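*Asks:* For reference, the sequence and a predicted model appear below.
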Amino acid sequence: MRESARRAGVEHSVSSLIASTRLSVLDRSRTREGQDGPTALRDTVRLAQELEALGYHRFWVSEHHSVPGVAGSAPTVLAAAVAAATSTIRVGTGGVMLPNHQTLVVAEQFGVLESLFPGRIDMGLGRSAGFTNGIRRALGRDKTDADGFAAQLDELLGWFTGGQRAYPQVHARPAEGLRVPPFVLATGEGAVIAARSGLPLVIGDLRDREKLLSAVEDYRRGFEPSEWSARPYVVVAGTVAVAESEDEARRLLLSEAWSGACSRTHGVFPPLLPPERIEALTMTERERGFFLAGLKGHVAGTAEQVADGLEAVIKDSGADEVLVTTSTYDRDALLGSFRRLARVADLRGAAPAPRPTA
C-alpha cells in the first residue's frame with residue numbers, strides 16, 4: 001500500500017492494486033431531458049478533455065442507432081472529434097458494431113484515424129445487430145448477422161495485415177500495414193471469440209458478477225496467442241460512482257436505472273431524467289422491479305466504499321483495466337464522481353481534495 005493521502009476529505013491509503021490497474025471511460029453521449037443530441041455530443045468531447053487532464057488512460061465512444069436516449073450513432077466520427085480535442089489520452093470505440101458494417105469500410109475508417117492520430121487509437125468491436133427489427137431493416141441487416149461476427153472479425157483484421165483473401169487485389173487504404181489495437185466487447189459468447197482470435201477482451205457488466213467472472217475464466221483458459229496479443233488482456237466494464245455520501249452516490253444512479261427500466265417495460269430507452277423527477281414518479285410494480293434491479297451490483301458509494309469495491313472487482317477478475325461506463329443526468333456531478341475516482345486510483349492529474357472546514 002502507498003502512504004496515506006487525504007482523499008475526498010478523509011484519510012485513507014491508496015490501494016496498490018487499484019493504482020497499478022489502468023482506468024478508462026466509455027461515454028455513450030447520453031441525452032438529457034431538455035437537451036438535444038448535439039449538446040450531448042459536445043458534452044462528450046468536453047468530458048474527454050477533463051478526463052485527459054485527470055490522467056485516465058482511454059476514452060471510448062459508442063454506437064447506438066435510433067435510440068432517443070443516446071446521441072452517439074457514428075463512433076468513428078465522434079472519436080475523430082475527441083482525438084482532435086485532446087492530445088495524450090487514447091481514443092477509441094466501445095464499440096463499432098461490426099454486423100452493421102462492411103469490414104473494408106471499418107478498416108478504412110480506423111486507418112484514417114490512426115494516420116491522423118498515430119499511436120492513440122483503439123478499435124473496440126461488438127457483435128450487436130441493432131436494437132429493434134425496424135432499426136436492423138434500416139441498416140440493411142438481420143438479427144442473425146451477429147452469428148457471423150467471428151468471420152467478420154477475421155476479415156477485418158486481414159485488411160490491416162494484408163492477409164485477407166476474399167477480395168483479391170482489393171486493399172484497405174490507409175489501414176493496410178497499420179497497427180490499431182483491436183478489442184472484443186462481450187457479455188458472454190463474445191469472450192470465446194476473443195480468446196480464439198487472441199484479442200483483448202472488454203467484458204461487462206458488474207451487476208452479474210458470477211457470469212462476468214465465469215466468462216473471464218473461459219477467456220483465459222481458451223486464449224490463443226496471436227500477432228495482436230501475446231497474452232490475455234481483460235478490461236472489466238461497469239458503473240462506478242463516487243460521492244461524498246452513500247446516498248449521494250445512489251442518487252447518481254437513479255437516472256440510468258429509470259432509463260433501463262423504461263427500456264425493459266416499454267421498449268424505449270429515453271433521455272435521462274433528473275433524480276427529483278424520478279423520485280416523484282408513480283411506477284408500476286413491473287417498472288419498479290426493473291428500476292430497483294438497475295440500482296444493484298454497481299461499485300458506488302464514498303471514496304472508501306468504492307476503493308474497497310473496486311479492489312474486490314480487480315482481485316476477483318484479475319482485470320488489467322477497468323472501463324467506467326457511468327451515466328447520470330447531472331454532468332457536473334458525473335465529472336465530480338470521475339474526479340473522486342481519480343483520487344481513489346491516485347491518477348497523475350488528480351488533485352488532493354480540499355480539507356474539510358471546521
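*Replies:* In hand now; what should we look at? Numbering: from 1, shown residues only.
*Asks:* Leaving out chain neighbours, which residue sits closest to residue 195?
*Replies:* In this structure, residue 195 finds its nearest non-sequential neighbour in residue 222, 3.8 Å apart by C-beta to C-beta, 6 or more residues apart in numbering. All C-beta atoms are positioned from the backbone trio N, CA, C, and that covers glycine.
*Asks:* what separates that neighbour from residue 75, distance-wise?
*Replies:* For residue 222, the distance to residue 75 equals 28 Å [C-beta to C-beta, to the nearest Å].
*Asks:* same question, residue 319
*Replies:* 23 Å.
*Asks:* residues contacting the residue nearest to residue 195?
*Replies:* By C-beta atoms under 8 Å, 6 or more residues apart in numbering, the residues touching residue 222 are 192, 195, 196.
*Asks:* Identify, from those, the entry nearest to residue 273.
*Replies:* residue 192 (37.7 Å; C-beta to C-beta).
*Asks:* right, and the closest one touches residue 218 too?
*Replies:* Yes - using C-beta atoms under 8 Å, residue 192 is in contact with residue 218, at 6.4 Å.
*Asks:* Can you give me the end-to-end span of stretch 267-276?
*Replies:* Length of stretch 267-276, first residue to last, C-alpha to C-alpha, to the nearest Å: 23 Å.
*Asks:* Identify each buried residue in it, please.
*Replies:* The neighbour-count check on stretch 267-276 (16 or more other C-beta atoms under 10 Å) flags 269, 271, 272, 273, 274, 275 as buried.
*Asks:* avg pLDDT for it?
*Replies:* Mean per-residue pLDDT for stretch 267-276: 95.
*Asks:* from the chain's centre, how far out does it sit?
*Replies:* Its chain's C-alpha centre and that of stretch 267-276 lie 19 Å apart, by C-alpha atoms, centre = their mean, to the nearest Å.
*Asks:* Can you give me the neighbour number for residue 190?
*Replies:* 24 (other C-beta atoms under 10 Å).
*Asks:* how near is it to residue 184?
*Replies:* Counting by C-beta to C-beta - residue 190 and residue 184 are separated by 6 Å.
*Asks:* re the thing from before, among the contacts of residue 222, which one has the most neighbours?
*Replies:* With neighbours taken as other C-beta under 10 Å, the top of these is residue 195, carrying 21 neighbours.
*Asks:* ok, and what's touching the helix or strand harbouring that one?
*Replies:* In the assignment (DSSP states H and E), residue 195 maps to helix 189-197. With contacts defined as C-beta under 8 Å, 6+ apart, helix 189-197 is touched by 126-127, 149-150, 153-154, 157, 184, 186, 200-201, 203, 215-216, 218-224, 226, 228, 232.
*Asks:* Next SSE downstream of that helix?
*Replies:* In N-to-C order, the element after helix 189-197 by DSSP H and E is strand 201-203.
*Asks:* Can you tell me the strand partners of that next one and which way each runs?
*Replies:* Strand 201-203 has these partner strands in its sheet, going by DSSP bridges: strand 182-186 (parallel), strand 234-238 (parallel).
*Asks:* tell me the most buried of the ones you listed?
*Replies:* Among the strands paired with strand 201-203, the stretch with the highest mean neighbour count (mean count of other C-beta atoms under 10 Å) is strand 182-186, at a mean of 26.
*Asks:* now that one against helix 189-197, angle please.
*Replies:* 150 degrees (axes from the mean of the first three to the mean of the last three C-alpha atoms, to 10 degrees).
*Asks:* model confidence over strand 182-186, on average?
*Replies:* The model assigns strand 182-186 a mean pLDDT of 96.
*Asks:* in the chain, which ranges drop under the pLDDT threshold?
*Replies:* Where the chain drops to pLDDT under 70, the residues are 1-13, 188, 350-358.
*Asks:* where do the helices sit along it?
*Replies:* 16-19, 37-54, 75-85, 103-116, 133-138, 149-161, 189-197, 209-222, 246-266, 275-279, 285-293, 303-317, 331-344 (DSSP state H).
*Asks:* which helices and strands does the last one pack with?
*Replies:* Helix 331-344 makes packing contacts with strand 5-7, strand 22-27, helix 37-54, strand 240-242, helix 246-266, helix 303-317 when contacts are defined by 3 or more C-beta pairs under 8 Å, 6 or more residues apart in numbering; DSSP states H and E.
*Asks:* Any buried residues in that helix, and which?
*Replies:* 331, 333-344.
*Asks:* Please apply the same query to the fifth one.
*Replies:* For helix 133-138, a neighbour-count test (16+ other C-beta under 10 Å) marks 135, 136 as buried.
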